[in-house]
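Colleague: A predicted structure for the sequence below; I have some questions about it.
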Amino acid sequence: MAELLSDDEIDAQLGSDWERDGDEIVRVYEFDDYLDGVAFAASVGEVAEEEFHHPEIMIRYQEVEVRLTSHEEGGITDKDLRLADLFDDEL
Ligand SMILES: C[C@H](O)[C@H](O)[C@H]1CNC2=NC(N)=NC(=O)C2=N1
């Protein structure tokens, strides 16, 4: 079981395009084309399944919101920060 990160650890390690929202980290990715967002969400899902750590994904017109938290630990862990970087690599 991963350790919960402190506020300072999260602030220091969170990618610049991500934000902290309580026990979650969140990023809204913007796309010109709706189906590009759908395809991106599918690639995020593939990575999540490979890593067995699953985000909440909301697909909207021209944007995809991705939220990560570690449910078992009840907050933000290294797993969430790592997945955020992996999702960004899918762009
Ligand atoms: C049993 C538990 O649901 C699994 O071990 C995995 C599945 N995917 C998961 N995803 C996330 N975000 N947090 C978890 O704690 C988690 N647990």
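Modeller: Right, received. Where do you want to start? What you see is a predicted model, and the numbers here were worked out from it, not measured in a lab.

Colleague: what does the top helix by length along the chain contact?
Modeller: Identified as the longest helix of the chain according to DSSP state H is helix 34-51. Contact with helix 34-51 is made by 29, 31, 54-55, 57, 59-64, 66, 79, 82-83, 86-87, 90-91, as judged by Cβ atoms under 8 Å, 6 or more residues apart in numbering. The way it works is simple: take the backbone N, C-alpha and C, and place the C-beta from them, glycine included.

Colleague: after that helix comes which helix or strand?
Modeller: Using DSSP states H and E, the helix or strand that follows helix 34-51 towards the C-terminus is strand 56-60.

Colleague: about what we covered before: okay, buried residues for the longest helix of the chain please.
Modeller: By neighbour count on 16 or more other Cβ atoms under 10 Å, the buried set for helix 34-51 is Gly37, Phe40, Ala41, Val44, Val47, Ala48.

Colleague: and of those, the nearest to Gln13?
Modeller: For these, the closest approach to Gln13 (Cβ to Cβ) belongs to Val47, at 18.5 Å.

Colleague: With the ligand as the reference, measure out to the closest one.
Modeller: Distance from Val47 to the ligand, counting by Cβ to the nearest ligand atom, to the nearest Å: 12 Å.

Colleague: How much space separates that residue from Met58?
Modeller: According to Cβ to Cβ, to the nearest Å, Val47 stands 17 Å off from Met58.

Colleague: Thank you, goodbye.
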